[in-house]
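>>> Here's a sequence, model it:
(chains A, B and C)
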Amino acid sequence: MADSSTNMRIRLPMLCIVLEVILIILFGILVEYDENTDGKKWNEKGNHSHHRQDYENEFYYRYPSFQDVHVMIFVGFGFLMTFLQRYGFSSVGFNFLIAAFSLQWATLMQGFFHGMHHGKIHVGVNSMINADFCTGSVLISFGAVLGKTSPVQMLVMAIFEVTLFAVNEFILLSILGANDAGGSMTIHTFGAYFGLVVTRVLYRPNLDKSKHRNSSVYHSDLFAMIGTIYLWMFWPSFNSAITGYGDPQHRTAMNTYYSLAACTLATFAFSSLVNHEGKLDMVHVQNAALAGGVAVGTAGEMMLTPFGSMIVGFLAGTISVLGYKYLSPVLEEKLKIQDTCGVHNLHGMPGVLGALVGAITAAMASKEVYGDGMIKVFGESDSSDWSVGQQGGMQALSLAITLGVALFGGLVTGFILKLPVYGAPPDTHCFEDALYWEIPGEEEGHNELTEVGTVNEVEKLNS
Amino acid sequence: MADSSTNMRIRLPMLCIVLEVILIILFGILVEYDENTDGKKWNEKGNHSHHRQDYENEFYYRYPSFQDVHVMIFVGFGFLMTFLQRYGFSSVGFNFLIAAFSLQWATLMQGFFHGMHHGKIHVGVNSMINADFCTGSVLISFGAVLGKTSPVQMLVMAIFEVTLFAVNEFILLSILGANDAGGSMTIHTFGAYFGLVVTRVLYRPNLDKSKHRNSSVYHSDLFAMIGTIYLWMFWPSFNSAITGYGDPQHRTAMNTYYSLAACTLATFAFSSLVNHEGKLDMVHVQNAALAGGVAVGTAGEMMLTPFGSMIVGFLAGTISVLGYKYLSPVLEEKLKIQDTCGVHNLHGMPGVLGALVGAITAAMASKEVYGDGMIKVFGESDSSDWSVGQQGGMQALSLAITLGVALFGGLVTGFILKLPVYGAPPDTHCFEDALYWEIPGEEEGHNELTEVGTVNEVEKLNS
Amino acid sequence: MADSSTNMRIRLPMLCIVLEVILIILFGILVEYDENTDGKKWNEKGNHSHHRQDYENEFYYRYPSFQDVHVMIFVGFGFLMTFLQRYGFSSVGFNFLIAAFSLQWATLMQGFFHGMHHGKIHVGVNSMINADFCTGSVLISFGAVLGKTSPVQMLVMAIFEVTLFAVNEFILLSILGANDAGGSMTIHTFGAYFGLVVTRVLYRPNLDKSKHRNSSVYHSDLFAMIGTIYLWMFWPSFNSAITGYGDPQHRTAMNTYYSLAACTLATFAFSSLVNHEGKLDMVHVQNAALAGGVAVGTAGEMMLTPFGSMIVGFLAGTISVLGYKYLSPVLEEKLKIQDTCGVHNLHGMPGVLGALVGAITAAMASKEVYGDGMIKVFGESDSSDWSVGQQGGMQALSLAITLGVALFGGLVTGFILKLPVYGAPPDTHCFEDALYWEIPGEEEGHNELTEVGTVNEVEKLNS
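Residues are numbered from 1 along each chain as shown, chains lettered A, B, ... in the order given. Predicted structure coming up:
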């Protein structure tokens, strides 16, 4: 019976090839170099107020940030999820696959919604950053369902999620005029609640059968720390990657740096405090220490000050640790939300916090504080019918819309992913690389698989 | 008998010290700061069309790219090769040693062939990038012979390979006027075929005796993924590192980004398709997913478009996976080419593909498409006797010459490396760190060495 | 009895929370955006000689270097110390905690001593780099006491060390006018000797009881190499991060690059030479290969030339390996200095070498060589009462003062850390993560803990 088989031989190759062929065709029809990457347009003379120098090319403002974001997407997310003892190949490998697909699809969807020029999508380093951002959102959702889904399911999820991400982003940034440079709402809140609803719909009552694999071992926790540390270090680049040139980019990076530093102290403090022996928990350090970056994703470009950033970071770390300790078990038992990586604690709650902080900070903005820099942060601020109160309101409305789109989108996508055609792992073989990967000759430290006789079972599942 | 001993005590230190002393002397005689690094020359006033601002220093255009390339050379190549279960120290360690030597020697050789100014070699960030590029070529060849050679052999190989690299690069770029910014020909094709011929000459009929070590274990594959992901992420920086400022650098990075994304989907598709259970193979993911970067190494700076880049990337991933699955076993059995890392699949074939794509793309260039940006890509294009057809021809000729120099150079170097004076490992102890490294107290997962009694044998070999 | 317990439940959370609250309050009172990060000040028109363009914002000169330094602090130092078989969580985790605290505290201390503007501390990317530098010094000291101290002790050490670092830096740079862009003196010499004195004061005569854990295993050495390679690659960015714009920054990066390359060859040469079987030692490769970066930390921005840099690097690598082999055992046995990571060999001696090279290179500076670039390196050089001899003298005096402050500060701090209130590990449980961390279900390769019955003992210690 094909439905119960986890054999990917036809499904995965066909899906990848069909998707890539579609992408290539659409790129051929729709995508053009923007004026910073086009040989002709960039070097045209006379059609600008001054002759542009090569050092004014967007590349030099944006590319170092892009590379940092790129590292977060592929190394950061990829290795963060290697904490599972038998799911390292899938964590870093499927992260790689999903991200490589999503960034292409996102280029088209984001371009379609807010990058069309005379019927063409213009691409350059800005679209690359935005595509990586959208990919980040998909990977957050991936964290919620990690270990319980096949790569085919994940690609299908990415198709829908990227599309809805672009719709939501368009509503927030283009229609409502909200600010969200670092994506507290568009990336983190959206990705987290989308993924949580998906994992709710895909609820597995018998997941206990794979419980022994749903945990880390010593070395897998160290691999995960590679992901954590890279995310932590480069988050200032993430939040500042598409802010205005000059002071906003500089300020955003710095606010994020301070928020994360304060968040880290809160994380260690509460991780130790909630343990009856005062021992630190790697899960908290790997995740909660990052919540400070999420929580200044909206307000970071504003004049939040290091002082404000540190308060926000401290709060974010605190709620994140408490979430892991007290809320996650409740969500799992009462609401049947099996959130493998705890994305609700790292992206969900801190994302909502970040949206609220953004709304408040926007509502408190003043020409006195921002001076002529006001317009760099609030692009509409020179319009006569704009006020900080209105901006704050739009920010709050944006959060509500984001939650709505995420919940609705996750619900629909979840039911689509429930169809029994994707080769999802059985309850007994979740969190297990051997389903989808050739596993090399085992070290003795990893022979659990043979011990419990799952190799034969895996063979059967694949037939 | 000294010849059969693998003890490095005299050979390795003496070679390192002699080489470094020679390098230091030659640097003292020949090397000078270029005008971007020299305190006097950079700050001279009046001898330029305008007074240069510090932000125009090459450092700010090039250094971020240099650092990304540097990461690829030391982390990317180094960790990619840690996939072998008992050769991690040597992979990352000898990679480190060979690279540290090669970049110094390359500075001299490249400077000698195309960087002399009044009898002096001028150095700055451009020479640093070029030296890292040349080093990359040596490390590709290292991948072909990995596990079967001593560090002394590798250093000797580097001496010859760097020299011939500089000669070939000089012919291509300076004499023929070929374009090869990302090195599809100069770096990948050259390094791969050079290494393949060396490993052919060093053919070991009894390598089977070390077969049990010529494979990965679970954790070593995760370490290798660190290398893969860094190479993948920073390849856009690699290909664009020495292109023209402004649009070419920007465009090259973007073309490479799309090529790699498409390549990754092809890799997962074909890796699953060629496995009878549809399971993915880490070897493919670790290597073939990178072929897209190699294959746009020549054409990336041209107006290849994202559409063209994705087609090239998809093809590269496809041929690379098929090469690992079907061609490598044939090369080993019929042609006696023992290619440890499969560099033919990652660098050889994709490099040739990249050269051909470059020739075709150059031949299709037009002023209509490139506008005033034409001269930034094709430096000779304002000369009256230049045509795109001629450029295309020169590109094709460059591939032929590269193959010729690589094959001839590899043959000569291979025979030199066959001399029984370098302490090469015996057939029974290939892929084994313990020959050249103090190995720490073993984890239980790694006690194979003691089990098969090789510790005593290793002691004997070192005496 | 609270004193003998290693339970952190009250102590660590309280200390973290109190410190962070104090930091937040002080930031609220004292810290302001500098003119590159402030929305109002950056965009003010007319108060500068020319209207500043956004590409002139310090961010674009400094931020890529900052990110490289950040990677060195968190990944470089963090993973370098994971070489211990049972102390990986603590190495990377406490490194994270201490660094996150230190960079905040350093911002205040350094701002207080040399960054006050009308009673406010101005912050921007420069202060971020300087704070990371100061943090680096604390982490060097952490390396000396690694495995033998509780996180509470480390935070207390950081409070004192950061303060004294700022004092010493103020004396050197602001009072004496010394040059030390890459911190041979302020960072490396200071951090090393401070830490060595602390570990001397905390001498444990019965540390042998934890000897079996004070060593590496195969995989932990590979994790440590991640740290090493990142430190090695980004050291050029470290040394050049706060040098003058343009040629000094460019030159410093390049000098460091050559010094490190030469150092690496020396390291491999002497590591093999001092082993009776000619085998390489991972400890040397992990550490001594970095000494070349330390040793050009002062002179790197000067016209040292690649030739000079390579000589310095070669010497640094040599003394570092010889230090590990011959000096460290003597220091431990005779002087009772238990230097876990061998910081004396990596930071101590090479730091002193770097200070001396800096003094000599400064004393040999001339207008002939530096031209108009002189003032970029020696800020006082246009003053009538300045001479190169005097500069050289100030450099030498700076080394003496640094040693004095480090030794005195380490002594006082050491005695403070000796108070039996911090939950330091007992002699039998040094180098052991399980004291302070929840350890996941063990792989078989790591079951030493259960074997020797320490789990129960650890439980007792925590009660």
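>>> can you map out the helices along the stretch 51-200 of chain A?
For the stretch 51-200 of chain A, the helices defined by DSSP state H, counting those that start in this stretch occupy A:58-71, A:77-80, A:88-114, A:125-145, A:151-169, A:190-201.
>>> so how far is the last one off the chain centroid?
Right, the one you point to is helix A:190-201. Centre-to-centre, helix A:190-201 and its host chain are 12 Å apart (C-alpha atoms, centre = their mean, to the nearest Å).
>>> Packing partners of that helix?
On a contact count with 3 or more C-beta pairs under 8 Å, 6 or more residues apart in numbering or on different chains; DSSP states H and E, helix A:190-201 meets helix A:125-145, helix A:151-169, helix A:343, helix A:388-417. Backbone N, C-alpha and C define where each C-beta goes, glycine included.
>>> Does the longest one reach chain C?
It stands for helix A:388-417. No - Helix A:388-417 does not reach chain C (C-beta under 8 Å from any C-beta of the partner chain); its nearest approach is 13.8 Å.
>>> So which bits of that helix are buried?
Buried residues in helix A:388-417, counted by 16 or more other C-beta atoms under 10 Å in any protein chain shown: A:388, A:391-396, A:398-399, A:401-403, A:405-406, A:409-410, A:413-414, A:416-417.
>>> Could you list the buried residues of stretch A:77-85?
Using 16+ other C-beta under 10 Å as the test for burial, stretch A:77-85 gives A:77, A:78, A:79, A:80, A:81, A:82, A:83, A:84, A:85.
>>> from those, which are also near chain B?
Near chain B, by the rule C-beta under 8 Å from any C-beta, you find A:78, A:79, A:82 out of the buried residues of stretch A:77-85.
>>> The last one is in contact with residue A:219, isn't it?
Spelled out, it's residue A:82. No - applying C-beta atoms under 8 Å, one finds residue A:82 not in contact with residue A:219, separated by 9.5 Å.
>>> So which residues on the stretch 201-350 of chain A come close to chain B?
A:219, A:223, A:226.
>>> returning to what we had before: mind putting the ones next to chain B among the buried residues of stretch A:77-85 into TSV with distance to residue C:375 and pLDDT?
Listed next are these as TSV, based on distance: C-beta to C-beta, whole Å; pLDDT from 0 to 100:
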residue	distance to residue C:375	pLDDT
A:78	47	97
A:79	46	98
A:82	51	97
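>>> and which of those residues is nearest to chain C?
residue A:79 (11.0 Å; C-beta to the nearest C-beta).
>>> list the contacts for the closest one?
A:91, A:92, A:223, A:224, A:226, A:227, A:230, B:226 (C-beta atoms under 8 Å, 6 or more residues apart in numbering or on different chains).
>>> likewise residue A:228?
A:76, A:80, A:285, A:286, A:287, A:289, A:290.
>>> repeat that for 10 Å
Applying C-beta atoms under 10 Å, 6 or more residues apart in numbering or on different chains, we find residue A:228 in contact with A:76, A:79-80, A:83, A:221, A:282, A:285-287, A:289-290, C:74, C:92-93, C:96.
>>> Chain C next: which of the contacts of residue A:79 are close?
Filtering these for proximity to chain C by C-beta under 10 Å from any C-beta of the partner chain leaves A:223, A:226, A:230, B:226.
>>> Just the ones in strands from those residues, please.
Secondary structure from DSSP state E places none of these in strands.
>>> can you list those residues in JSON lines and add pLDDT and neighbour count?
Output for these, formatted as JSON lines (pLDDT from 0 to 100; neighbours: other C-beta atoms under 10 Å in any protein chain shown):
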{"residue": "A:223", "pLDDT": "97", "neighbour count": "25"}
{"residue": "A:226", "pLDDT": "97", "neighbour count": "24"}
{"residue": "A:230", "pLDDT": "98", "neighbour count": "23"}
{"residue": "B:226", "pLDDT": "97", "neighbour count": "24"}
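>>> Taking those together, which two end up most distant?
A:223 and A:230 (11.8 Å; C-beta to C-beta).
>>> hmm, back to that, which one of the contacts of residue A:228 sits in the busiest neighbourhood?
Counting neighbours by other C-beta atoms under 10 Å in any protein chain shown, residue A:289 comes out on top of the contacts of residue A:228 with 32 neighbours.
>>> who in the stretch 51-200 of chain A is up against chain C?
A:53, A:55-56, A:60-61, A:63-65, A:67-68, A:71, A:83, A:85.
>>> With mean pLDDT and distance to residue C:169 as extra columns, can I get the helices and strands packed on helix A:190-201 in a markdown table?
Shown next, in a markdown table, are the helices and strands packed on helix A:190-201 (pLDDT from 0 to 100; distance: least, C-beta to C-beta, whole Å):
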| stretch | mean pLDDT | distance to residue C:169 |
| --- | --- | --- |
| helix A:125-145 | 98 | 37 |
| helix A:151-169 | 98 | 45 |
| helix A:343 | 98 | 42 |
| helix A:388-417 | 98 | 41 |
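>>> dump the residue contacts of the closest residue to chain B within the stretch 251-400 of chain A.
Closest approach between the stretch 251-400 of chain A and chain B, counting by C-beta to the nearest C-beta: residue A:253, at 15.0 Å. By C-beta under 10 Å, 6+ apart, the contact set of residue A:253 is A:65, A:68, A:235-241, A:243, A:300-301, C:37, C:59, C:63, C:66-67, C:124-125, C:128.
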